[in-house]
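Q: Build me a model:
(one chain, ligands or ions: 2)
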Amino acid sequence: MNTKIVKITVCGKVNDEELLEAAEILKGGGLVAFPTETVYGLGANALDEKAAKKIYAAKGRPSDNPLIAHISCMDELPALASEIPDAARRLAMRFWPGPLTMVFKKQSRVPDGTTGGLDTVAVRMPSDPVANRLIRLAGVPVAAPSANTSGRPSPTRAEHVIEDMAGKIEMILDGSEVGIGVESTIVDVSGEIPTLLRPGAVTLEMLRGALGRVDVDPAIEGPMAEGVHPKAPGMKYRHYAPRAEMLLVEGEAARVAAYINKEAKKAAEAGKRVGIICTEESRGLYPVGVLEVIGSRSHEETVAHNLFAVLRELDEKAVDCIFSESFSEDRLGQAIMNRLCKAAGYHIVRV
Ligand code: TXA
Ligand code: MG
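A: Ligands and ions are numbered 1, 2, ... in the order given. As a prediction, this is how the structure comes out:
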């Protein structure tokens, strides 16, 4: 398939002409990748089972992993959610449009092909002007997982999408780099107590500030014991992963650097190409290996923003093993550590 790549220029206002063709493709059952404020999405009509199937094929994604349906405004929610609890209204008031996904009991018109057979549906209202306008123009809810090949790091730049999706989908909207860099926060509001299923830029502290009690799905906190299933089926995969083996090192900065340097030297002596993920603050501490600076500890947003690009960069540089520093787990750090832990397949040492 020939994939049309269109550069989208946003100067305060989105030009509809550039988006109309993309909206027509979505209406006609085709696939369009588009920028959102979190990561790039791979969009299809969420109410069209056949279109949803094409997403799974293009990504190579297991079909039990449900998709998020994206809407452009509150009026579009009742067509998807059969009940909109009070907690959801409060979260929507504060955080929509934005990087928050809520899981609702679903309307019967939402096909199993979108929800992976669940009786709930995940819904997000993106704030990115291209994403929001595209959904509005398409006139249908847009199912969109991250626009990466399943298992690879999520795409935060158009080049990442082109790498993974060119030749497999009808169109890619190139909106250059996304802002946040990690996927949306997911909260299940379909049960009695709102429950965090995936951490993101809307942090647990922010959710609790809005709602009071919010539970946390244990799947977020560590690898799942056998027979235990995360509530967000996608959280069980070794996601976001670079091709190389990765080890996450926790502890006080100087000890972490000493440990990584010792291990990096050993690996290099064994003929391995070593990648190291460090920060602005620690970049001077590593004499051996391919260094990737992920951001600054004093500005965690930069770490989230660069995280997936750094993992892809290390793939590109064909390293055999990666040692990464770790981060505190409060606020945005929870999302950062969740993605890094998964990238490392929960291969973590404390020093
Ligand atoms: O930021 C984002 O959310 C991006 C952009 C494109 O909007 N999308 C995204 O989609 O990250 P994806 O498919 O990569 O991740 C969707 C996650 C998966 O972990 C999936 O299992 C979970 O949402 N999910 C979807 N529907 C669900 C449901 N009904 N109940 C529980 N989890 C659900
Ligand atoms: Mg994904």
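Q: quick one: Pro78 and Ile71 touch, right?
A: No - assessed by Cβ atoms under 8 Å, Pro78 is found out of contact with Ile71, at 10.2 Å. Using the backbone N, CA and C atoms, a C-beta is placed for each residue, glycine as well.
Q: Same drill for these two, tell me which one is more crowded.
A: Ile71 (24 against 12; other Cβ atoms under 10 Å).
Q: Show the contacting residues for that one.
A: 77, 80, 123-125, 135, 141 (Cβ atoms under 8 Å, 6 or more residues apart in numbering).
Q: Quick check: the gap between the residue in the stretch 51-200 of the chain positioned nearest to ligand 1 and Asp119.
A: Closest approach between the stretch 51-200 of the chain and ligand 1, counting by Cβ to the nearest ligand atom: Pro145, at 2.8 Å. Taking Cβ to Cβ, to the nearest Å as the measure, Pro145 falls 20 Å from Asp119.
Q: who has more neighbours, these two?
A: Neighbours per residue, other Cβ under 10 Å: of Pro145 and Asp119, the larger number sits with Pro145, 24 against 12.
Q: tell me the pLDDT at that one?
A: In this model, Pro145 is scored at 96, pLDDT.
Q: just Tyr237 next, same as before
A: The model's pLDDT for Tyr237 equals 58.
Q: From one end of stretch 116-132 to the other, what's the distance?
A: End-to-end distance for stretch 116-132: 24 Å, by Cα to Cα, to the nearest Å.
Q: what mean pLDDT does that stretch have?
A: So the average pLDDT for stretch 116-132 ends up being 96.
Q: Using the neighbour-count criterion, name the buried positions in it.
A: Residues of stretch 116-132 classed as buried: 116, 118, 120-132 (neighbour count, 16 or more other Cβ atoms under 10 Å).
Q: same deal with stretch 194-206?
A: Result for stretch 194-206 [16+ other Cβ under 10 Å]: buried residues 194-204, 206.
Q: try stretch 153-168
A: Within stretch 153-168, the residues scored as buried using 16+ other Cβ under 10 Å are 153-158, 160-165, 168.
Q: Show me which residues of the stretch 1-150 of the chain sit near ligand 1.
A: Those residues of the stretch 1-150 of the chain that sit near ligand 1, judged by Cβ under 6 Å from any ligand atom, are 36, 38-39, 41, 65-68, 101, 103, 115, 118, 120-122, 124, 144-146.
Q: mind running it again at 8 Å?
A: Listed as neighbours of ligand 1 in the stretch 1-150 of the chain under the rule Cβ under 8 Å from any ligand atom: 36, 38-42, 61, 65-68, 70, 99, 101, 103, 106, 115-116, 118, 120-122, 124, 126, 131, 144-148.
Q: Give me the subset of those residues that lies in helices.
A: 115, 131 (DSSP state H).
Q: The residues of the stretch 1-150 of the chain next to ligand 1 in strands, which ones?
A: Cross-referencing these against strands under DSSP state E gives 41-42, 68, 70, 101, 103, 120-122, 124.
Q: which two from those residues end up farthest apart in space?
A: Farthest apart among these by Cβ to Cβ are Leu42 and Thr120. That separation is 21.0 Å.
Q: Next, Ile322: phi, psi?
A: phi -130, psi 130 (degrees, to the nearest 10).
Q: quick one: pLDDT of it?
A: According to the prediction, Ile322 has pLDDT 98.
Q: ok, and the closest non-adjacent residue to Ser176?
A: The shortest distance from Ser176 to any non-neighbouring residue, by Cβ to Cβ, 6 or more residues apart in numbering, is to Ala158 (6.3 Å).
Q: doesn't Phe34 make contact with that neighbour?
A: No - Ala158 is not in contact with Phe34 according to Cβ under 8 Å; the separation is 10.0 Å.
Q: shared neighbours of the two, anything?
A: With contacts defined as Cβ under 8 Å, 6+ apart, the residues shared by Ala158 and Phe34 are 40, 175.
Q: For the stretch 151-300 of the chain, which segments count as strands?
A: 171-174, 185-188, 195-198, 215-216, 245-250, 274-278, 290-293 (DSSP state E, counting those that start in this stretch).
Q: Against which helices or strands is the longest one packed?
A: I take that to be strand 245-250. Where contact means 3 or more Cβ pairs under 8 Å, 6 or more residues apart in numbering; DSSP states H and E, strand 245-250 is packed against helix 253-269, strand 321-325, helix 332-343, strand 348-350.
Q: Quick check: which of those is buried the most?
A: Of all the helices and strands packed on strand 245-250, strand 321-325 has the most neighbours on average by mean count of other Cβ atoms under 10 Å, namely a mean of 25.
Q: contacts for it?
A: Counting by Cβ under 8 Å, 6+ apart, 242, 244-249, 253, 256, 260, 263-264, 267, 272-279, 282, 289, 294, 314, 340, 344 sit against strand 321-325.
Q: Which of the residues you listed are buried, as a ChimeraX select command?
A: A single ChimeraX command selects the buried members of the contacts of strand 321-325 (16+ other Cβ under 10 Å):
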select :242,244,245,246,247,248,249,256,260,263,264,267,272,274,275,276,277,278,279,282,289,294,314,340,344
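Q: and the stretch 151-300 of the chain, which residues reach ligand 1?
A: 154, 182-184, 186, 188, 190, 197-198, 200, 230-235.
Q: thought Phe308 was touching Val178?
A: No - with contact defined as Cβ under 8 Å, Phe308 and Val178 do not form a contacting pair (9.5 Å).
Q: what do these two both touch?
A: The contact sets of Phe308 and Val178 overlap at 39, 156 (Cβ under 8 Å, 6+ apart).
Q: Any chance of a markdown table for the helices and strands packed on strand 245-250, columns distance to Ala52?
A: What follows is the helices and strands packed on strand 245-250, written out as a markdown table (distance: least, Cβ to Cβ, whole Å):
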| stretch | distance to Ala52 |
| --- | --- |
| helix 253-269 | 43 |
| strand 321-325 | 34 |
| helix 332-343 | 24 |
| strand 348-350 | 35 |
